[in-house]
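Student: got a predicted structure here, sequence first:
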Amino acid sequence: MNKLLITLALGCSIALPVHAETSTELFVTLNSGNPQTQGMALVLATQAVEQKAVVRVLLCSEGGQLAVRNKESVPLKPRHVSPKDMLQSLLKAGAKVEVCALFLPNSDWKLPDLIEGVSVAKPADIAAYLLQPNVKILSY
């Protein structure tokens, strides 16, 4: 840990811990197949990116279908944008998007079926990420 050394007028010094400025990170797990639920999770993730948070999205179960290349997603009012479109915008904005480790082995899909930029999560990496003190978790 870094320390800040302060010398007081009396001639003595004290060392105080300095905490590095850490960015806010948002971890969004999306399990729902409901388009409105998916949309709200992704709207909030997008807002977090726009407010300079680091965003990581984990798609599991029905939520994983959003990452499948040829699966359609329903456009939502009022902007007529689908959850899949929102997910792709998040990817372009730099969010990390993964499907859970169980998604592909328990479906008919393979890695090449996923949209570009989506990877398969490693449980140990996810666990380590979740244990970081600056990570906020949002689950849908």
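Tutor: Yep, it's here.
Student: can you show me the helices along this structure?
Tutor: Assigned by DSSP state H, the helices in the chain fall at 35-50, 83-92, 123-130.
Student: Leu104 is nearest to which of those helices?
Tutor: Taking CB to CB, helix 123-130 is the member of the helices of the chain nearest to Leu104, at 13.7 Å. C-beta coordinates here come from the backbone N, C-alpha and C atoms, glycine included.
Student: centre-most residue in the chain?
Tutor: The geometric centre of the chain, computed from its C-alpha atoms, lies nearest to Arg56 (CA atoms, centre = their mean), at 1.6 Å.
Student: in JSON lines: the helices of the chain, plus mean neighbour count and distance to Leu66.
Tutor: Putting these into JSON lines (neighbours: other CB atoms under 10 Å; distance: least, CB to CB, whole Å) gives the following:
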{"stretch": "helix 35-50", "mean neighbour count": "18", "distance to Leu66": "6"}
{"stretch": "helix 83-92", "mean neighbour count": "20", "distance to Leu66": "5"}
{"stretch": "helix 123-130", "mean neighbour count": "12", "distance to Leu66": "18"}
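Student: name the helix or strand of the chain that has the lowest mean pLDDT.
Tutor: strand 3-7 (a mean of 43; mean pLDDT, DSSP states H and E).
Student: looking at the helices of the chain, which is closest to Tyr140?
Tutor: Shortest distance between Tyr140 and the helices of the chain, using CB to CB, is found for helix 35-50: 3.9 Å.
Student: the closest one - contacts with which helices or strands?
Tutor: strand 25-30, strand 54-59, helix 83-92, strand 135-139 (3 or more CB pairs under 8 Å, 6 or more residues apart in numbering; DSSP states H and E).
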